[in-house]
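Student: show me how the following folds:
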Amino acid sequence: MSFRAQNTISGKEGRLFLDGEELAYIKMFEADIEKKKSEVPIMGRRMDGHKSTGATGTGTATFYKVTSKFIRLMVDYVKTGVDPYFTLQAVLDDKGSGRGVERVTLFDVNFDSAKVGNLDVDSEALEEEVPFTFEDIELPEELNDTFN
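Tutor: Next up is the predicted model:
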């Protein structure tokens, strides 16, 4: 069978968990792995080759401003030097798509920055963007590759 419009997945059909606690106030979540590569000049070729030598994980989460959680993490780090690491799990489950469930688990997540003050007379709902890095990943459940 071929791809059908109902197979597309709605980005609204997801959840995000921080150390097992659902962050219901999530607006947007994105995580990327970027490979590190070295250029390898090769005799007799004008184009360089490329050798993968590692990877780095980065991401950004945007939350509706309903808690001081991320400010507290930064204040605690500044005051005590304790820099906590977390596990994030993104769950994508659009039952209407028929594609199944995808769970992406990020390990050793460390938040890079937090907005510690934000007032905006034109904003209907304050948001905070929180960039992060991560050091490991698992894909224990993935979307179906076949279409029914």
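
Student: the protein: helices as residue ranges?
Tutor: Along the chain, counting by DSSP state H, helices occupy 69-80.

Student: give the contact list for the spatially most central residue of it.
Tutor: For the chain, Ala31 is the residue whose C-alpha lies nearest the centre (CA atoms, centre = their mean; 3.0 Å). Neighbour list for Ala31: 57-59, 88, 90, 104, 106, 134 [criterion: CB atoms under 8 Å, 6 or more residues apart in numbering]. Where you see a C-beta, it was placed from the backbone N, CA and C, and this is true even at glycine.

Student: need these in TSV (columns: neighbour count and distance to Thr80).
Tutor: Listed next are the contacts of Ala31 as TSV, based on neighbours: other CB atoms under 10 Å; distance: CB to CB, whole Å:
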residue	neighbour count	distance to Thr80
Gly57	18	26
Thr58	14	25
Gly59	19	25
Leu88	22	23
Ala90	19	29
Val104	17	31
Leu106	21	24
Phe134	22	23
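
Student: with the residues you listed in mind, which one is nearest to Ile26?
Tutor: The shortest gap between Ile26 and any of these belongs to Ala90, at 9.1 Å (CB to CB).

Student: enumerate the beta-bridge partners assigned to that closest one.
Tutor: On the basis of DSSP bridges, Ala90 is bridged to Leu16, Val104.
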